[in-house]
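Enquirer: attaching a predicted model along with its sequence, questions to come.
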Amino acid sequence: MTNKLMLLKIEAITVDYGAINALKNVSLVLNQGEIVSVIGANGAGKTTLLKTISGIIRPVFGNVEFDGIQLTNMRPEKIVRAGVVMVPEGRKIFPDLTVKENLELGGYIIKDRHLKKELLELVLTTFPRLKERLRQHGGTLSGGEQQMLAMGRALMGNPRLMLLDEPSMGLSPIMTKEIFGLIDLIRRKKNISIILVEQNAHMALEHSQRSYVLENGEITMEGSSSEIKYNPKIIDAYLGV
């Protein structure tokens, strides 16, 4: 791995919730154009990790560096402007706004009208189902369509790094497969780097180049996804086969 390819570097971050260590000495790297998955049980610290990268939570120790920029003490809106956008667990779309209005809110930081138009075209070609529902309220969409909207809204911010928190939550197996196919498509179309937090370990490992296993706030394993997928401990704990 060369520094030229490295986009995100997390060094020894520790996050406390009162007396509880949510993250303990966590280090992680992400290369340009790469999908890295973070798998682990409920309460392992996966969402806390994403919130720390995006500035919602401040670590008590350690550093988060994105393309040479220190994010550790930066405000969340500045981190978005730097090119890091999070798609939160549960989608968090605006149910009373139309699909088009939700997408427009995602592009609020983009001042260049030509770029904003290009990004909207990218979203609607990537998610053609959204194009058919532009005037529909977000709350009336299916779970899978809401996930597409949340991802499309993130794309409207022209990110270089997307943080995806449990994109398959509440979705059928068929829709989960479609969403993961779209995640791959986004990476290929825009060369966007992705950190994928996902309880569906099988899908996460199948659609990422490298993976980290997070247990009780600590990284217990890391490596290529293809290697981790066949590790007996991972099979027993997460894959159920």
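Expert: On my side now, so go ahead. Given the structure is predicted, the values throughout are model-derived calculations rather than measurements.
Enquirer: can you name the element that comes right after the longest helix belonging to the chain?
Expert: Scanning the chain for the longest helix, with DSSP state H as the assignment, gives helix 173-190. Downstream of helix 173-190, the next assigned helix or strand under DSSP states H and E is strand 193-197.
Enquirer: what lies in contact with that next one?
Expert: Residues outside strand 193-197 that contact it (CB atoms under 8 Å, 6 or more residues apart in numbering) are 7-8, 30-38, 46-47, 49-50, 53, 160-167, 183, 186-187, 204, 207-208. (Glycine included, C-beta is placed from N, CA and C.)
Enquirer: one more time with 7 Å
Expert: 7, 30, 32-38, 46-47, 50, 160-166, 183, 187, 204, 208 (CB atoms under 7 Å, 6 or more residues apart in numbering).
Enquirer: also stretch 127-138?
Expert: Contacts for stretch 127-138 (CB under 7 Å, 6+ apart): 93-100, 102, 123-124, 141, 145-146, 148-149, 152, 182.
Enquirer: before we move on, the earlier item: between the longest helix of the chain and strand 193-197, what angle do the directions make?
Expert: 160 degrees (axes from the mean of the first three to the mean of the last three CA atoms, to 10 degrees).
Enquirer: list the buried residues in helix 173-190.
Expert: Neighbour counts over helix 173-190 (16 or more other CB atoms under 10 Å) mark 175, 176, 178, 179, 180, 182, 183, 186, 187, 190 as buried.
Enquirer: which residues does the third one contact?
Expert: In this case it means residue 178. residue 144.
Enquirer: ok, it to residue 151 distance?
Expert: Distance, residue 178 to residue 151, using CB to CB, to the nearest Å: 12 Å.
Enquirer: output the below-cut-off pLDDT ranges for this structure.
Expert: Where the chain drops to pLDDT under 70, the residues are 1-4, 240-241.
Enquirer: that older thread, a markdown table please, covering the buried residues of helix 173-190 and showing distance to residue 114.
Expert: Listed next are the buried residues of helix 173-190 as a markdown table, based on distance: CB to CB, whole Å:
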| residue | distance to residue 114 |
| --- | --- |
| 175 | 34 |
| 176 | 35 |
| 178 | 31 |
| 179 | 29 |
| 180 | 31 |
| 182 | 25 |
| 183 | 27 |
| 186 | 21 |
| 187 | 24 |
| 190 | 17 |
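Enquirer: what's the closest of those residues to residue 42?
Expert: residue 176 (17.8 Å; CB to CB).
Enquirer: for residue 85, which three-state class applies?
Expert: strand (DSSP: H, G, I helix; E, B strand; the rest coil).
Enquirer: that one: what's it in contact with?
Expert: Applying CB under 7 Å, 6+ apart, one finds that residue 85 lies in contact with 154, 157, 159, 162.
Enquirer: burial measure for the closest residue to residue 152 other than its chain neighbours, as a count.
Expert: In space, and not counting its chain neighbours, residue 152 is closest to residue 123: 4.2 Å by CB to CB, 6 or more residues apart in numbering. Per other CB atoms under 10 Å, the neighbour tally for residue 123 reads 25.
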